[in-house]
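[1] Got a predicted structure plus its sequence, pasted below:
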Amino acid sequence: MTDLHLHLDGSLPIKTIIKLARLQNITLPSEDEKTLKKYLTVSPSAQSLNDYLKCFDLPLELLQSCGAVELSVYELICELTRQGIIYSEIRFAPQLHTRRGCTQRKIIEAAIKGLEKAERDFNTKSNLILCAMRGGSDEDNLLTVRLAAEYLNCGVCALDLAGAEALYKTELYSGVFALAKQLDIPFTIHAGEADGAQSVKAAVDFGARRIGHGVAAVNDVELMYEVKRKNITIECCTTSNLQTRAVASLSQHPIKEFFRLGINVTVNTDNMTVSDTTIDKELSILSEIIPDISRETLMRNAINAAFLSEKEKAELLEKISNK
């Protein structure tokens, strides 16, 4: 399988979190894996994306050094390989890892180092997506864009915008994506998760090739047809959408409508640890909504939507055809 919408800080294996804490002499609430998991997984009582985002405080505290970032990327890809994932795009915001003096550049280089080591050791393929941040300074966000351009095709494959969507509207970030287009960086944008269809519309107008979540697009039929016409992919994360209350119930999730209209859709975890999910769990949930959808169809959707060269896509498609 594949996972194109996967956050580093929200997907760290519990064993990695314990290891990072020991290496940095940081005290955890517990070193018992089951107990610690409760601190890292979203509460059933969460009412919004903002509540969901509180679960990232502890992982981010542990990811404030180059060594920690390198190790985390490496061990996350190890876990993904164990789960049978043949391609992943791991996203993170380098500006969030600079509290102890590391620069964005050094953090990105550390992540690439972990990725390259994992690819050698596990014979797998992964890439990094760099996130600009809602609420981040213009200076930091524009630096992220420029660094994405510098490391593009050298471990970094795209740009994203993440964070508290309802508080910081997508429309505010036109400058970020104008620069991305100028520098020829492909991008996805978190939109339509905690804000309305107009957020998705702004992402489409900016030139996003993919939309993270995008559930609010279902409220605007013309917008959905525009997404289809422009061959924009929606990165669905069903469990996360239920937890953040982006959708009220599984039966109301718009993924079925997206498929019905012929929109390209991928299935992703978003945050494996925070959401307590895996790709297999997400596929099982999807089978409840769309019983006749095949795994091969979903894999082909994802590979075709991946921020990869046509040659790399062909190699992955051949790989799944030979299985």
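    Alright, I've got the coordinates. Just so it is clear, the model here is predicted, and its values are computed rather than measured.
[2] which residues does Arg209 contact?
    158, 186-188, 232-233, 305, 307 (C-beta atoms under 8 Å, 6 or more residues apart in numbering). Every C-beta, even on glycine, is put in place using the N, C-alpha and C of the backbone.
[3] what's the single longest helix in the chain?
    Longest helix in the chain by number of residues (criterion: DSSP state H): helix 104-122.
[4] Show me what counts as buried in that helix.
    The neighbour-count check on helix 104-122 (16 or more other C-beta atoms under 10 Å) flags 104, 106-116, 118-119 as buried.
[5] Work out the sheet partners of the following helix or strand past that helix and label each with its direction, please.
    Next helix or strand after helix 104-122 toward the C-terminus (DSSP states H and E): strand 125-133. Strand 125-133 pairs in its sheet with strand 87-92 (parallel), strand 156-162 (parallel), by DSSP bridges.
[6] sorry, back to before: out of the contacts of Arg209, which is most surrounded?
    Among the contacts of Arg209, Thr188 has the most neighbours (other C-beta atoms under 10 Å), with 29 neighbours.
[7] Can I take it that it is in a helix?
    No - applying DSSP: H, G, I helix; E, B strand; the rest coil, one finds Thr188 to be strand, outside a helix.
[8] separation between it and Ala132?
    Using C-beta to C-beta, to the nearest Å, Thr188 is found at 11 Å from Ala132.
[9] and if you look at His190?
    For His190 relative to Ala132 (C-beta to C-beta), the value is 10 Å.
[10] got it, and Ser65?
    Counting by C-beta to C-beta - Ser65 and Ala132 are separated by 22 Å.
[11] ditto for Ile77
    23 Å.
[12] What mean pLDDT does the helix or strand hosting Ser199 get?
    Per DSSP H and E, Ser199 falls inside helix 197-206. Helix 197-206 comes out with an average pLDDT of 97.
[13] before we move on, the earlier item: between Thr188 and Ala132, which contacts overlap?
    With C-beta under 8 Å, 6+ apart, Thr188 and Ala132 have common neighbours 159-160.
[14] what about Cys236, neighbour count?
    25.
[15] Please apply the same query to Gln64.
    For Gln64, using other C-beta under 10 Å, the count is 19.
[16] Can you classify the nearest residue to it once chain neighbours are set aside as helix, strand or coil?
    Excluding its sequence neighbours, the residue lying closest to Gln64 (C-beta to C-beta, 6 or more residues apart in numbering) is Arg100, at 4.4 Å. Classification of Arg100 by three-state DSSP places it in coil.
[17] quick one, what contacts the closest residue in space to Leu298 that isn't next to it in sequence?
    What sits nearest to Leu298 in space, not counting adjacent residues and going by C-beta to C-beta, 6+ apart, is Val267, at 5.5 Å. Val267 is in contact with 236, 238, 279, 282-283, 286, 298, 302, counting by C-beta under 8 Å, 6+ apart.
[18] Surely Asn304 and Glu310 touch.
    No - Asn304 is not in contact with Glu310 according to C-beta atoms under 8 Å; the separation is 10.0 Å.
[19] what's the helix holding Ser199 in contact with?
    Against helix 197-206 from outside (C-beta under 8 Å, 6+ apart): 165, 169-171, 173-174, 177-178, 181, 187, 189, 191-192, 211, 214, 216-217, 219-220, 223, 226-227, 230, 232.
[20] Skipping its backbone neighbours, what lies nearest Arg91 in space?
    Nearest non-adjacent residue to Arg91 (C-beta to C-beta, 6+ apart): Ile129, at 3.8 Å.
[21] Actually, Glu165.
    Ala194 (4.2 Å).
[22] ok, how many other residues are close to that neighbour?
    Ala194 has 24 nearby residues by other C-beta under 10 Å.
[23] quick one: secondary structure of it?
    coil.
[24] ok, it - contacts?
    So Ala194 contacts 48-50, 164-166, 244, 246 (C-beta under 8 Å, 6+ apart).
[25] pretty sure Ala162 contacts Leu130?
    No - contact between Ala162 and Leu130 fails when scored by C-beta under 8 Å: they sit 10.1 Å apart.
[26] overlap in contacts of those two?
    91, 93.
[27] Which one of the two is surrounded by more residues?
    More crowded of Ala162 and Leu130, by other C-beta under 10 Å: Leu130, with 27 against 22.
[28] Give the closest residue to the more buried one in space, chain neighbours not counted.
    Counting by C-beta to C-beta, 6+ apart, the residue nearest Leu130 is Ala148, at 4.6 Å.
[29] before we move on, which element is that neighbour in?
    helix 138-150.
[30] Among Ser65 and Ala132, which residue is more densely surrounded?
    Ala132 (28 against 20).
[31] And the more buried one, what's its pLDDT?
    With respect to pLDDT, Ala132 has a value of 98.
[32] All set, thanks.
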